[in-house]
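Student: Sequence plus the predicted model coming up.
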Amino acid sequence: MRTVFLLVTFLVCGLFAADSLAFSRVVLDPGHGGHDSGARSGYTFEKHLAFDVARRVDVILREQGIRTTFTRERDNFIPLSSRVRVSNSSRNAIFVSIHFNSAPRSGAKGLETFYYSSNRDSYYLARFVQSAMLYKTRQADRGVKHGTYHVLRHNKRPSILVECGFVSNSTDRRKSLDPDYRQRIAEGIAMGILRFKKGAR
């Protein structure tokens, strides 16, 4: 039943995204970096997990003929304004920021995707990516949400921020440390992007 629901979501999103902006490049934004480790638990750092997932998404997209640009290409600190500048200076692009989550409550778990722009491109991109990640991982669904993150709020391109799981949750953290899980997350993100692009034609 869940698989049927996700497939229907793909189809419905495709109908509404039919006149969305076509794009030829994806700006991949691995969250944090350098002295900014992001969420952490012991020796598990968000900055490393996010960069690994972004690299995996990059491989899949390039195999499909989509060009990519990274906001950071190594473990270094990049200000939020610089990340946005990379996106806004990229023509015919969309922006995907990749993160892992943390919460004071250890029971918090699952995947969620944020958008900000009032135009529907960002919203439907978020819907496609969230649905595809759920399809690939069967993780808990925390939904598609409006967020006011700097990299979304100041972005002129269709843009989303993806939270791939909670390092503060023992189950999510164990999955996040598994390369096979990170590959499935990457495949879900890439699948959502490709579905959005197909609907945008």
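Tutor: Nice, I can see it.
Student: Report the buried residues of the helix ranked longest in the chain.
Tutor: In the chain, taking DSSP state H as the definition, the longest helix is helix 179-200. When burial is assessed from 16 or more other Cβ atoms under 10 Å, helix 179-200 yields the following buried residues: 181-197, 199-200. To be clear about C-beta, it is placed using only N, CA and C from the backbone, and glycine gets the same treatment.
Student: ok, Leu28 to Gly110 distance?
Tutor: For Leu28, the distance to Gly110 (Cβ to Cβ, to the nearest Å) stands at 22 Å.
Student: So which residue is dead centre in the chain?
Tutor: Val162 (3.5 Å; Cα atoms, centre = their mean).
Student: and the helix or strand that one falls within, what does it pack onto?
Tutor: Taking DSSP states H and E as the definition, one finds Val162 inside strand 159-166. Where contact means 3 or more Cβ pairs under 8 Å, 6 or more residues apart in numbering; DSSP states H and E, strand 159-166 is packed against helix 46-63, strand 93-101, strand 111-115, helix 120-137, helix 150-153, helix 170-176, helix 179-200.
Student: just to revisit the earlier point, and Leu28 and Gly110? which has more neighbours close in?
Tutor: Neighbours per residue, other Cβ atoms under 10 Å: of Leu28 and Gly110, the larger number sits with Leu28, 26 against 19.
Student: Now do the contacts for the more buried one.
Tutor: Ala54, Val57, Asp58, Thr68, Thr69, Phe70, Thr71, Val96, Ile98 (Cβ atoms under 8 Å, 6 or more residues apart in numbering).
Student: which one of these is nearest Ser41?
Tutor: The shortest distance between Ser41 and any of the contacts of Leu28, using Cβ to Cβ, involves Ile98 and amounts to 18.0 Å.
Student: The closest one and Glu112: what is the separation?
Tutor: To Glu112, Ile98 is 13 Å away according to Cβ to Cβ.
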